[in-house]
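Asks: Predicted model, plus sequence, below.
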Amino acid sequence: MEHDTLLAYLDQWAEEKSDDVWLRDFRGEASDDYTWKESRRQIHAVASALEQRFDKDTKILLLSRNRAHWFFADLAIMAAGNVSVGLFTTLNADVAQYIAEFTESKAIFVGEAENWDRVKEVLADDVTIISLPGVDIPEATLTWDQLLKEGESRTPSHVPRHDDMIALIFTSGTTGRPKGVIQTNDSNVIPIRRGSEFLAIEADPIYFSYLPLSHLAERQVIEFTSLCHGAPVSFNEGLEYLGRDMQRTRPTFFFGAPRVWEQLQQAILAKFGGREAFDAALAANPEGIAHTVQTALGLDRCEFHLTGSAPLPTPLMEWWDSVGISLMEGFGQTEAMSLIISREGARRLGSLGKAAPGVDIKITEEGELAIRADGCTPGYYKQPDKTAELIQDGWLHTGDRFRQDEDGFLYITGRIKDYFKTLQGKFVAPTPIEAQFADNPYVEQQCLVGLGMNKTMMVAVISETMRDAPRDVIEASVRATLSQLNEEVEKHARMGGAILTYEPWSIENGVLTPTLKIKRDQISDRFGEEAAAMAIESAESKTLVIRWR
């Protein structure tokens, strides 16, 4: 049965699957399990209490690691006719304060969050602090259990509508302040239906939640899709337990950004003693090694291995193919999801896939992809000027540059705002150059810089599995890659060399956003001055310049 609101699905499964476990919260070797019936009881009770305490459309913050009560709090806020605003547990105080003040949030649910000590200092005095179960929050004004008692045996009076604003998702802010993207039932239910039909997802999928729920990809692909399918979800206790919890779950559907698939690959290679040892074992026993890898990762019954949010290097895709795991790329964004999807039998290396059914596309004269489809965001919260830029004459402008081949496959070539001008006054698209440079076996992260320079320069992080390699060997390989690329790119985009580092870029050191995208301004701040000097040296010496940081 199809519904036009997420809460209608909750009601359906609470009646039809009342005693089936929906959510499994791993805690050590045990787990806290919640049936559909119990989940609805808690959601309705807390929603009823929220209705008594806050006016409709009140913005309520949510800060916690992934857990069952993240879902419960989110859906209780929704059921009360309010709007949830998720905060990443890695946000710094300035961004958290901006979001809290911009949304005029009146309450915050707090669970396990590494940044709570920073966030609590910037909240207004009138913000009600509500602690989730199992967490000691001395500053809490209320607890989850208190709200449960207040609303016990009551049903919220709010009647959900398809166009209700149910959440604000703040973009990761790779440039400037994050924007609050309005989410409705329509902007989630419709893309879920579209993606499920295109992928032909069978009954009884099993989901695993480990990526931040404050990001729409995890929220929609796991939380909301599990609602629409009546499917169970297991929660990762923490990234240090990722392998254990994946093996316990054995999901049929798994999503990870390219960086996640790269880290999993490195973990497998390390267990085999390095790439050469792995390659030899795979050549000797391909089926056996593929089975070993899939079982070790808990992906032995996984039907859909999805990736997105960043370009997937071709060698990485081919490596996973070699162990029987076909990575399916897709494209969507906080403003519009399930737009372009690849699937088994409809996949082309380097392509994100084809437009999903019901999605009209056009590529503008500037090369930007614009889409028209049901289930897009109505716009940005309190930013009508930005909304007008986003949606023009019914077309949503993605901000991404694309090309389409003769068979309809779509390829991303970069972000409109990622383009930069060199000293020659010509634009350079860094993304495709970075994607080609990623083929080098010694690097795992890369970013091209060159704004105002006479040559572009590559900044790259050495792969964890290659750190024991001699520097002269790494340098020779990087020089060969740079030389090859310089023969292929336009003259004004040619690289003068590279800055190499062993320090990975991460959320913690401020180079990656919470969704694992590179903050180009941070790379420029950290490496730009040195890169500019190296570009001059390269131009004068007519050689490739390599430096270590």
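Replies: That came through fine.
Asks: Quick check: phi and psi on Ala498?
Replies: Main-chain torsions, Ala498, degrees, to the nearest 10: phi -150, psi 150.
Asks: cool, Val511 as well?
Replies: Dihedral pair for Val511: phi -90, psi -30, per degrees, to the nearest 10.
Asks: packing partners for the top strand by length along the chain?
Replies: In the chain, assigned by DSSP state E, the strand with the most residues is strand 395-404. In terms of contacts (3 or more CB pairs under 8 Å, 6 or more residues apart in numbering; DSSP states H and E), strand 395-404 is packed against strand 336-341, strand 360-363, strand 368-372, helix 384-390, strand 410-415. To be clear about C-beta, it is placed using only N, CA and C from the backbone, and glycine gets the same treatment.
Asks: now do 7 Å
Replies: Packing contacts for strand 395-404, counted by 3 or more CB pairs under 7 Å, 6 or more residues apart in numbering; DSSP states H and E, involve strand 368-372, strand 410-415.
Asks: Only the buried residues of stretch 514-531, if you could.
Replies: 514-520, 522-524, 526-528, 531 (16 or more other CB atoms under 10 Å).
Asks: Out of the residues you listed, which is nearest to Asp468?
Replies: Using CB to CB, Phe527 comes nearest to Asp468 of the buried residues of stretch 514-531, at 24.2 Å.
Asks: how near is the closest one to Gly408?
Replies: The spacing between Phe527 and Gly408, counted by CB to CB, to the nearest Å, is 39 Å.
Asks: quick one: the longest helix along the chain to chain centroid distance?
Replies: Of all the elements of type helix in the chain, the one with the most residues (DSSP state H) is helix 520-541. Taking CA atoms, centre = their mean, to the nearest Å, the mean C-alpha location of helix 520-541 is offset from the chain mean by 30 Å.
Asks: For the very next helix or strand once past that helix, which helices and strands make contact with it?
Replies: Sequence order places strand 545-548 as the next helix or strand after helix 520-541, per DSSP states H and E. Here strand 545-548 touches helix 471-488, strand 495-501, helix 520-541, going by 3+ CB pairs under 7 Å, 6+ apart.
Asks: where in the stretch 151-300 of the chain is pLDDT low?
Replies: 172-176, 202-203 (pLDDT under 70).
Asks: Got the phi and psi for Thr128?
Replies: Thr128 adopts backbone torsions of phi -80, psi 130, taken as degrees, to the nearest 10.
Asks: Now do it, the pLDDT please.
Replies: For Thr128, the model assigns a pLDDT of 99.
Asks: how close does the residue nearest to Ala438 when sequence neighbours are not counted sit to Lys491?
Replies: Excluding the flanking residues, the one nearest Ala438 by CB to CB, 6 or more residues apart in numbering is Pro313, at 3.9 Å. Going from Pro313 to Lys491 by CB to CB gives 25 Å.
Asks: Give me the more crowded residue out of the two.
Replies: Ranked by neighbour count (other CB atoms under 10 Å), Pro313 and Lys491 place Pro313 first, with 23 against 8.
Asks: quick one, what contacts the more buried one?
Replies: Counting by CB atoms under 7 Å, 6 or more residues apart in numbering, Pro313 touches Pro258, Ala435, Ala438, Asp439.
Asks: Run a quick check on the first one versus Leu312, I expect a contact.
Replies: If I follow you right, that is Pro258. Yes: assessed by CB atoms under 7 Å, Pro258 is found in contact with Leu312 at 4.7 Å.
Asks: In terms of neighbours, single out the busier of the two.
Replies: Higher neighbour count among Pro258 and Leu312: Leu312, with 23 against 20, using other CB under 10 Å.
Asks: For that one, list the residues it contacts.
Replies: By CB under 7 Å, 6+ apart, Leu312 lies in contact with Pro258, Leu327, Glu329.
Asks: same question, Ile341
Replies: With contacts taken as CB under 7 Å, 6+ apart, Ile341 has the following neighbours: Gly195, Phe198, Leu199, Gly330, Gly353, Ala356.
Asks: Among the residues you listed, which are located in helices?
Replies: Taking DSSP H as the definition of helices, the contacts of Ile341 contribute Gly195, Phe198, Leu199.
Asks: between those, which is closest to Pro384?
Replies: Gly195 (29.6 Å).
Asks: Show the end-to-end separation of stretch 339-356, please.
Replies: 6 Å (CA to CA, to the nearest Å).
Asks: Kindly apply the preceding question to stretch 102-119 instead.
Replies: 15 Å.
Asks: buried residues in it?
Replies: So stretch 102-119, judged by 16+ other CB under 10 Å, has buried residues 102-103, 105-113, 115-116, 119.
Asks: pretty sure Arg40 contacts Ala14?
Replies: Yes: the criterion here is CB under 7 Å, and Arg40 meets it with Ala14 at 4.0 Å.
Asks: quick one: strands adjacent to the lowest-mean-pLDDT helix or strand in the chain?
Replies: Of all helical and strand segments in the chain, the minimum by mean pLDDT, DSSP states H and E falls on strand 420-421, at a mean of 80. Using DSSP bridges, strand 420-421 pairs in its sheet with strand 427-428 (antiparallel).
Asks: who touches the partner strand?
Replies: For strand 427-428, the surrounding residues in contact (CB under 7 Å, 6+ apart) are Tyr419, Phe420, Lys421, Thr422, Gly450, Thr456, His492, Ala493.
Asks: The second one reaches Gly452, doesn't it?
Replies: Read that as Phe420. No: assessed by CB under 7 Å, Phe420 is found out of contact with Gly452, at 8.1 Å.
Asks: More neighbours: those two, which one.
Replies: Set side by side, Phe420 and Gly452 show more neighbours around Phe420, with 19 against 13, by other CB under 10 Å.
Asks: So for the more buried one, what's the nearest residue that isn't a sequence neighbour?
Replies: Per CB to CB, 6+ apart, closest to Phe420 is Leu451, 4.3 Å.
Asks: my guess is that neighbour contacts Leu423, does it?
Replies: No: look at Leu451 against Leu423 with CB under 7 Å: they stay out of range, at 9.3 Å.
Asks: roughly how far apart are Phe402 and Gly367?
Replies: For Phe402, the distance to Gly367 - CB to CB - is 7 Å.
Asks: And Gln436, by the same measure?
Replies: Gln436 is 18 Å from Gly367, by CB to CB.
Asks: if we can go back for a sec, of the helices and strands packed on strand 395-404, which shows the lowest average pLDDT?
Replies: In terms of mean pLDDT, the lowest-scoring of the helices and strands packed on strand 395-404 is strand 410-415 (a mean of 84).
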